[in-house]
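K.L.:
This is the structure alone, sequence omitted:
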Ligand code: LAN
């Protein structure tokens with residue numbers, strides 16, 4: 001881009017962005033948005049709909065098929081997520097089954113191309129373990145061909161290092177209904193269509209398959225985390241256990257069901273995520289008349305919470321929504337820009353967003369929390385909304401920061417005792433290594449990761465400290481220190497958190513993000529927390545982070561990391577500048593006092609030029625991620641992160657008296 005001689009005025013850009021945010025703000029004061037991306041979710045729900053004979057009507061079926069069609073890759077496959085650069089056996093097989101169940105005929109080009117890819121890349125027998133599991137529920141794979149998922153593990157004493165209660169809550173809540181369904185070998189009755197699909201998937205060879213030999217088989221496309229020797233040993237032991245008389249099975253199944261029903265009750269049947277929401281309903285479906293009431297409660301709620309009709313079709317979201325998280329960031333972004341925005345347009349947006357924030361803080365612990373492996377919840381904030389109920393470390397921290405930032409401005413406020421509860425909760429979550437994990441204090445040894453049986457996901461077994469979560473909690477504690485002077489012992493926890501962050505910085509100066517792509521995101525969090533906790537801008541850690549970002553800036557002023565960066569754990573350039581990533585980088589540089597003013601200005605100009613006339617920023621590659629491999633769409637990031645970064649850039653200029661105006 002040739003240097004533009006005209007001084008850059010970001011105010012109109014910020015005002016247009018505010019108008020856009022006002023337009024997108026929903027009736028609850030939050031920002032509902034598309035949270036799709038993962039491709040293994042929808043087929044699991046379609047499988048349930050088939051088993052429970054609840055297929056959607058023709059119109060919705062068409063929208064579901066449209067979605068699968070839109071994400072089908074040029075080679076015929078379906079990737080792990082909607083923008084995958086390669087096919088996945090797991091999601092291609094499940095996608096094939098879903099399309100057929102939704103009425104797409106076997107000779108439809110979409111189906112034939114999918115099946116051709118499956119056969120050219122191995123066979124359905126190589127689908128990753130969660131794929132095989134789902135197929136079992138429909139009788140499209142034999143239970144003998146999967147590694148046992150022993151319900152008896154739930155009867156172990158909690159002190160046992162392998163107790164499932166020690167797993168990351170998402171893995172725990174997925175393997176819980178899986179254990180029940182496995183223990184019952186629950187399988188939908190066969191019918192003509194299932195039988196046809198079975199024939200197609202296995203080319204007529206189903207009856208001849210040696211199932212025990214398939215347990216460890218996995219297609220190359222799905223083998224991101226190959227089974228370790230330790231896992232192979234554990235799997236052999238589980239197979240051995242299955243040959244013993246199942247004296248504990250009944251008790252173990254009852255224990256699993258108790259925990260499943262507790263999870264349903266604690267989350268208003270939303271469940272922690274889309275996978276256990278579907279699997280728990282499978283459980284209730286297979287319980288027969290006894291489970292009917294549970295099923296009937298969950299089914300319509302699921303529809304409302306998890307299905308989203310987006311620009312590319314009807315899809316399943318990765319969570320019931322992302323509204324608390326987006327609202328907390330949108331608030332902070334708008335507050336940073338407050339000086340540039342017309343108050344009469346800003347205030348109503350802030351006020352409604354604040355209502356949402358206040359009304360979605362969690363007010364109570366779940367009943368009998370410890371008995372159900374739940375940590376305290378009171379005073380926390382969730383990622384989505386209060387109904388969902390699971391508090392999260394960084395959501396609590398961002399909620400807390402936003403609540404403090406708006407204190408004294410609106411009539412009905414977050415009550416002070418609840419703000420104190422948030423601080424206590426954040427402190428209770430700190431890990432022994434000084435960092436913070438995502439939902440809970442770390443419970444299992446990091447070595448448990450070696451037993452990750454998912455193949456397609458990395459790091460799902462334990463909730464260990466993350467840069468982002470640690471940063472958010474540190475920033476919140478710094479604010480707590482000012483707001484509640486002397487009330488909490490915070491210096492120790494803050495010091496230990498800083499130590500964790502400093503150790504997490506990589507030799508190239510960057511911080512690796514785990515929940516968005518990737519180094520721009522992690523570095524924004526890492527640097528922001530170091531500065532908030534008192535690091536000086538001349539601190540060598542800050543300097544190294546600044547140098548890292550400057551090295552990665554593109555010639556047009558933007559930043560762009562490809563989504564595969566997360567799975568490769570090394571920077572890969574994206575195709576073109578990315579507004580969210582550029583915003584994180586610019587914001588980091590501004591906060592860090594980067595002296596390369598032209599670099600900052602080029603970034604700001606790029607962001608401004610990228611804005612559409614309605615104040616939005618264009619849709620761009622998905623930027624959220626989980627478990628290293630699966631991208632997920634944070635569709636609002638493009639609407640508020642540029643506001644935040646541009647406002648900070650402008651405020652810096654005002655402070656230094658360098659920017660015109
Ligand atoms: C999320 C969404 C929110 C996200 C942040 C709060 C942004 C992050 O800072 C911490 C981790 C967290 C809570 C997170 C973890 C993994 C989730 C729950 C998801 C990405 C949403 C969907 C994903 C979940 C695991 C998807 C289901 C897949 C499994 C492997 C169980």
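P.N.:
Done, it's in. Every value quoted in this text rests on a predicted model; they were computed, and no experiment measured them.
K.L.:
quick one, strands of this structure?
P.N.:
307-310, 313-316, 624-626, 630-632 (DSSP state E).
K.L.:
got those strands as JSON lines, with mean neighbour count columns?
P.N.:
All C-beta spots, glycine's among them, are computed from the backbone N, C-alpha and C. Listed next are these as JSON lines, based on neighbours: other C-beta atoms under 10 Å:
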{"stretch": "strand 307-310", "mean neighbour count": "17"}
{"stretch": "strand 313-316", "mean neighbour count": "23"}
{"stretch": "strand 624-626", "mean neighbour count": "23"}
{"stretch": "strand 630-632", "mean neighbour count": "25"}
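K.L.:
Just give the number of residues close to the residue in the stretch 1-150 of the chain positioned nearest to the ligand.
P.N.:
For the stretch 1-150 of the chain and the ligand, the shortest gap (C-beta to the nearest ligand atom) falls at residue 38, measuring 6.3 Å. Look at residue 38: counted by other C-beta atoms under 10 Å, it has 24 neighbours.
K.L.:
of all the residues in the stretch 551-661 of the chain, which ones are close to the ligand?
P.N.:
626-627, 632 (C-beta under 6 Å from any ligand atom).
K.L.:
now swap in the chain and tell me
P.N.:
170, 174, 273, 275, 318-319, 325, 383, 392, 394-395, 438, 457, 460, 468-469, 515, 626-627, 632.
K.L.:
so where's the stretch 551-661 of the chain shaky on pLDDT?
P.N.:
Within the stretch 551-661 of the chain, the ranges that satisfy pLDDT under 70 run 657-661.
K.L.:
Residue 15: neighbouring residues, count only.
P.N.:
Applying other C-beta under 10 Å, we find 17 residues neighbouring residue 15.
K.L.:
Contact partners for it?
P.N.:
Contact partners of residue 15, counting by C-beta atoms under 8 Å, 6 or more residues apart in numbering, are 340-342, 345, 615.
K.L.:
what's the closest of those to residue 244?
P.N.:
Ranked by distance to residue 244 (C-beta to C-beta), these are led by residue 615 at 65.1 Å.
K.L.:
The closest one contacts residue 17, correct?
P.N.:
Yes. The pair residue 615 and residue 17 qualifies as a contact (C-beta atoms under 8 Å) at a distance of 4.9 Å.
K.L.:
Neighbour count: those two, which is higher?
P.N.:
residue 17 (28 against 21).
K.L.:
Which pLDDT does the model give the more buried one?
P.N.:
Looking at residue 17, its pLDDT is 98.
K.L.:
mind checking how far it is from residue 336?
P.N.:
Shown here: residue 17 relative to residue 336, a distance of 12 Å by C-beta to C-beta, to the nearest Å.
K.L.:
can you put the contacts of residue 15 in CSV and add distance to residue 237?
P.N.:
CSV is the format used below for the contacts of residue 15 (distance: C-beta to C-beta, whole Å):
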residue, distance to residue 237
340, 63
341, 62
342, 67
345, 64
615, 59
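K.L.:
Might you report the residue contacts of the residue lying closest to residue 476 once chain neighbours are set aside?
P.N.:
The shortest distance from residue 476 to any non-neighbouring residue, by C-beta to C-beta, 6 or more residues apart in numbering, is to residue 397 (3.7 Å). Residue 397 sits next to 426, 469, 472-473, 475-476 when contact means C-beta under 8 Å, 6+ apart.
K.L.:
Return the entry from those with the maximum number of neighbours.
P.N.:
The most neighbours of any of the contacts of residue 397, using other C-beta under 10 Å, belong to residue 473, which has 29 neighbours.
K.L.:
who touches it in this structure?
P.N.:
Counting by C-beta under 8 Å, 6+ apart, residue 473 makes contact with 393-394, 397, 426, 429-430, 436, 497.
K.L.:
swap in residue 21?
P.N.:
Contacts of residue 21 by C-beta under 8 Å, 6+ apart are 31, 330, 334, 349, 615, 639-640, 643.
K.L.:
ditto for residue 382
P.N.:
Contacts of residue 382 by C-beta under 8 Å, 6+ apart are 324, 360, 362, 388-392, 395.
K.L.:
Identify the residue with the minimum pLDDT among those.
P.N.:
Lowest confidence among the contacts of residue 382: residue 389, with 95.
K.L.:
And for it, the neighbour number?
P.N.:
Residue 389: 23 neighbours (other C-beta under 10 Å).
K.L.:
re earlier: between the contacts of residue 473, which has the most around it?
P.N.:
residue 436 (34 neighbours).
K.L.:
now, which of the contacts of residue 473 sits nearest the ligand?
P.N.:
In terms of C-beta to the nearest ligand atom, no member of the contacts of residue 473 lies closer to the ligand than residue 394, at 4.6 Å.
K.L.:
I figured the closest one hits residue 474, correct?
P.N.:
No. Applying C-beta under 8 Å, one finds residue 394 not in contact with residue 474, separated by 10.4 Å.
K.L.:
Share the number of residues neighbouring the residue in the stretch 51-200 of the chain positioned nearest to the ligand, please.
P.N.:
Residue nearest to the ligand within the stretch 51-200 of the chain: residue 170 (4.1 Å; C-beta to the nearest ligand atom). Residue 170 is flanked by 20 other residues according to other C-beta under 10 Å.
K.L.:
how close does it get to residue 455?
P.N.:
16 Å.
K.L.:
now do residue 169
P.N.:
Counting by C-beta to C-beta - residue 169 and residue 455 are separated by 20 Å.
K.L.:
try residue 640
P.N.:
On the measure of C-beta to C-beta, residue 640 and residue 455 end up 36 Å apart.
K.L.:
repeat for residue 114
P.N.:
From residue 114 to residue 455 the distance is 20 Å (C-beta to C-beta).
K.L.:
Of those two, give the one with the bigger neighbour count.
P.N.:
residue 114 (27 against 22).
K.L.:
picking that back up, among the contacts of residue 473, which are in helices?
P.N.:
The members of the contacts of residue 473 that map onto helices under DSSP state H are 393-394, 397, 426, 497.
K.L.:
From these, pick the one nearest residue 487.
P.N.:
Nearest member of those to residue 487, counting by C-beta to C-beta, is residue 426, at 13.4 Å.
K.L.:
Tell me how far the closest one lies from residue 574.
P.N.:
34 Å.
K.L.:
Show me where this protein dips below the pLDDT cut-off.
P.N.:
1-5, 657-661.
K.L.:
same thing but at 50, please
P.N.:
For the chain, the stretches with pLDDT under 50 are 659-661.
K.L.:
Which helix runs longest in it?
P.N.:
When the chain is parsed with DSSP H, its longest helix is helix 637-656.
K.L.:
elements contacting that helix?
P.N.:
helix 11-24, helix 323-336, helix 579-591, helix 597-610 (3 or more C-beta pairs under 8 Å, 6 or more residues apart in numbering; DSSP states H and E).
K.L.:
most tightly surrounded among the ones you listed?
P.N.:
helix 579-591 (a mean of 27; mean count of other C-beta atoms under 10 Å).
K.L.:
Which strands and helices lie in contact with that helix?
P.N.:
helix 519-532, helix 540-552, helix 597-610, helix 637-656.
K.L.:
do that again at 10 Å, thanks
P.N.:
Applying 3 or more C-beta pairs under 10 Å, 6 or more residues apart in numbering; DSSP states H and E, one finds that helix 579-591 makes contact with helix 323-336, helix 519-532, helix 540-552, helix 597-610, helix 637-656.
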